[in-house]
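S.K.: Okay, sequence plus prediction incoming.
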Amino acid sequence: MPPKSPLFSCTKCGAQTPKWSGRCLECGRWGTIAEDAGAPSATKAAIARTGVRPGAVVTLDAVQKTTRPRMMSGNAELDRVLGGGIVPGAVLLLAGEPGIGKSTLLLSLAKDATQSILYVAGEESPEQIALRAKRLGVENATVSFLTDTDTDVITATIAHLKPRLVIVDSIQTVRTPAAESEAGTVTQLRASGAMLAAVAKETGIPIVLVGQVTKDGSIAGPKTLEHLVDVVLSFEGDAAGGLRMLRAEKNRFGPTDEVAIFRMAANGLVPETNPSKILLADRRSGASGSAICCFLEGNRPLLVEIQALVVKSPYPNPIRRTSGYDTSRLQMLLAVLERRTGIGFSGADVHVNVVGGVALRDPSTDLAVALALASAVNDSPLDSQLVALGEVGLGGEVRSVSHLEKRLAECAALGFTTVLGPGAPQKKTVVAYRGVATLTEALGVAGIGRK
């Protein structure tokens with residue numbers, strides 16, 4: 001194969017020619033033609049046209065040697081959810097319903113802070129925040145307030161104060177002159193969030209953004225902020241109840257299966273070490289329509305009471321209402337109970353309530369809900385020491401659940417003696433385990449069935 005003929009190109013405009021000449025025929029410059037070393041012509045032309053030089057690179061080893069340690073927030077539960085503290089330069093989004101306790105949680109960060117915190121107050125005045133801080137026992141002179149919500153002013157203040165942490169409450173009140181729209185719009189959220197994220201990366205100062213949620217529980221701003229930030233924290237719970245749950249729905253620096261549980265007290269949010277005991281505190285034994293289930297919040301097992309009420313409906317279309325449980329899932333269980341066990345609910349209103357304001361997402365709660373429904377329609381109480389767990393399929397089968405041993409250990413710690421569920425545990429357990437394969441078999445073991 002004959003060797004390739006050399007190419008010559010202009011060092012100014014990148015034009016190529018098969019032979020050398022003293023003058024470039026494209027740009028007309030003299031002495032700019034040189035032999036091409038083999039670089040792509042498009043690359044050379046782009047470099048010659050723009051004058052852009054290669055960017056500076058850094059090796060992974062060099063980055064790891066200069067990486068700063070995580071910042072401890074002073075809240076052990078929050079640090080556990082974050083994966084060991086706040087990463088320098090990280091952008092965190094804390095979302096939750098109004099009144100759930102977002103500002104209270106953030107003020108708790110300032111309670112034990114030893115370095116300065118910049119609090120951008122967009123929704124409340126510093127005087128209002130100071131009143132809440134006094135009630136929570138927060139007396140920290142290192143907290144500084146900024147009431148201006150212009151991103152340029154916020155950026156300049158961060159550069160001047162160099163705080164250890166920045167809190168923006170809330171991102172819906174912040175606006176940047178670069179976007180010609182009102183604060184809170186999608187355009188402003190995207191522009192302001194991107195600018196604050198760039199400041200966090202450049203300065204290495206972590207920024208916490210407080211975000212509002214829509215009526216359906218999703219973060220306002222069509223999930224625009226979720227893609228901009230490093231960590232998305234969801235703060236949930238019943239605003240009228242006492243328990244709050246904090247989970248990481250997105251975390252670039254740690255796990256997303258951890259959950260922190262707090263109890264709202266007069267002095268703020270208190271970490272709860274035994275939430276199952278609180279959820280079962282007011283339970284009344286011997287009542288029909290009541291069942292206990294063990295579900296997982298992250299990797300944490302919790303016990304909660306499920307209540308069901310079945311009454312004759314005065315309406316042509318019976319009511320199906322739930323609190324803390326998916327309505328579509330309830331409709332499915334009612335159909336399975338009627339078709340596979342013969343227990344009918346036609347002409348009856350059905351109400352299902354999860355005590356404590358807890359929202360159940362774990363499908364392993366199906367069996368407990370089904371037992372509570374059967375207990376309610378037959379007016380037959382379940383054993384007060386019985387815990388039911390298992391997913392119910394359309395064929396009436398009881399499916400296996402994850403982390404069975406961990407759930408059984410939680411049941412034993414709360415004093416329950418019998419667990420009804422699928423299969424059998426691999427290890428010997430303290431509680432008596434009754435394995436069932438179908439929903440009909442589970443109803444028979446529990447002592448309730450077709451009326």
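M.R.: Ah, there it is. A quick note: this is a predicted structure, and the numbers were derived from the prediction, not measured.
S.K.: Let me see the ranges of the helices in the stretch 51-200 of the chain.
M.R.: 60-66, 76-82, 102-111, 126-135, 151-161, 186-203 (DSSP state H, counting those that start in this stretch).
S.K.: Select, out of those helices, the one closest to G415.
M.R.: helix 76-82 (25.1 Å; Cβ to Cβ). In short, each C-beta sits where N, CA and C put it, glycine included.
S.K.: Does L408 touch T418 like I think?
M.R.: No: using Cβ atoms under 8 Å, L408 is not in contact with T418; the gap is 10.8 Å.
S.K.: Between the two, tell me which one has more neighbours.
M.R.: L408 (23 against 16; other Cβ atoms under 10 Å).
S.K.: tell me the contacts of the more buried one?
M.R.: 419, 425, 429-431, 433 (Cβ atoms under 8 Å, 6 or more residues apart in numbering).
S.K.: which element is it on?
M.R.: helix 404-413 (DSSP states H and E).
S.K.: G393 and A156: what is the separation?
M.R.: 60 Å (Cβ to Cβ, to the nearest Å).
S.K.: what about those two, which has more around it?
M.R.: Using other Cβ under 10 Å as the criterion, G393 and A156 rank with G393 on top: 16 against 12.
S.K.: That one contacts S400, correct?
M.R.: No: using Cβ under 8 Å, G393 is not in contact with S400, being 11.0 Å away.
S.K.: So which of the contacts of L408 are in strands?
M.R.: 419, 433 (DSSP state E).
S.K.: Quick one: buried ones out of the contacts of L408?
M.R.: 419, 429, 431, 433 (16 or more other Cβ atoms under 10 Å).
S.K.: Verify the stated contact: the second one with E410.
M.R.: No: T429 is beyond contact range of E410, at 11.3 Å (criterion: Cβ under 8 Å).
S.K.: Could you pull out the strands in the stretch 201-350 of the chain for me?
M.R.: Under the criterion DSSP state E, counting those that start in this stretch, the stretch 201-350 of the chain carries strands at the ranges 207-211, 231-237, 243-251, 259-265, 268-271, 290-297, 300-312, 320-323, 348-354.
S.K.: Find the nearest non-adjacent residue to the spatially most central residue of the chain, please.
M.R.: The centroid of the chain falls nearest to E249 when counting by Cα atoms, centre = their mean (2.5 Å). Spatial nearest neighbour of E249, chain neighbours left out: V232 (4.6 Å); criterion: Cβ to Cβ, 6 or more residues apart in numbering.
S.K.: Contact partners for the one you found?
M.R.: Contacts of V232 (Cβ under 8 Å, 6+ apart): 92-93, 95, 219, 226, 248-251.
S.K.: hmm, which helix or strand of this protein has the shakiest average pLDDT?
M.R.: helix 41-50 (a mean of 61; mean pLDDT, DSSP states H and E).
S.K.: Need the residues that contact stretch 390-399.
M.R.: In contact with stretch 390-399 (Cβ under 8 Å, 6+ apart) are residues 332-333, 336, 339-341, 363-364, 366-367, 370, 400-401, 420-422, 436-442.
S.K.: what does stretch 234-248 give?
M.R.: Residues contacting stretch 234-248 (Cβ under 8 Å, 6+ apart): 77-78, 81-83, 94-102, 105, 231-233, 249, 254-256, 258-264, 269, 272, 275, 278-279, 297-298, 356-359.
S.K.: show me what contacts the residue nearest to the centre of the chain?
M.R.: E249 neighbours (Cβ under 8 Å, 6+ apart): 226, 232-234, 256.
S.K.: and if you look at G268?
M.R.: 104, 107-108, 136-137.
S.K.: For the chain, give me the ranges with low pLDDT.
M.R.: 1-5, 36-52, 66, 111-114, 140-141, 214-223, 239-241, 449-451 (pLDDT under 70).
S.K.: In space, what's closest to R329 - neighbours in sequence excluded?
M.R.: D366 (7.2 Å).
S.K.: Wasn't that neighbour part of a helix?
M.R.: Yes: in this structure, D366 lies within a helix as judged by DSSP: H, G, I helix; E, B strand; the rest coil.
S.K.: how much space between it and E391?
M.R.: Taking Cβ to Cβ, one finds D366 at 5 Å from E391.
S.K.: Looking at the two, which one has more neighbours?
M.R.: Taking other Cβ under 10 Å, D366 and E391 do not tie; D366 has more neighbours (27 against 17).
S.K.: who's in contact with the more buried one?
M.R.: Per Cβ under 8 Å, 6+ apart, neighbours of D366: 329, 333, 390-392.
S.K.: cutoff 7 Å now
M.R.: 333, 390-392 (Cβ atoms under 7 Å, 6 or more residues apart in numbering).
S.K.: do R283 as well
M.R.: E305.
S.K.: redo that, cut-off 8 Å
M.R.: By Cβ under 8 Å, 6+ apart, the neighbours of R283 are 290, 292, 305, 355.
S.K.: From the residues you listed, pick the one nearest V208.
M.R.: V355 (32.2 Å).
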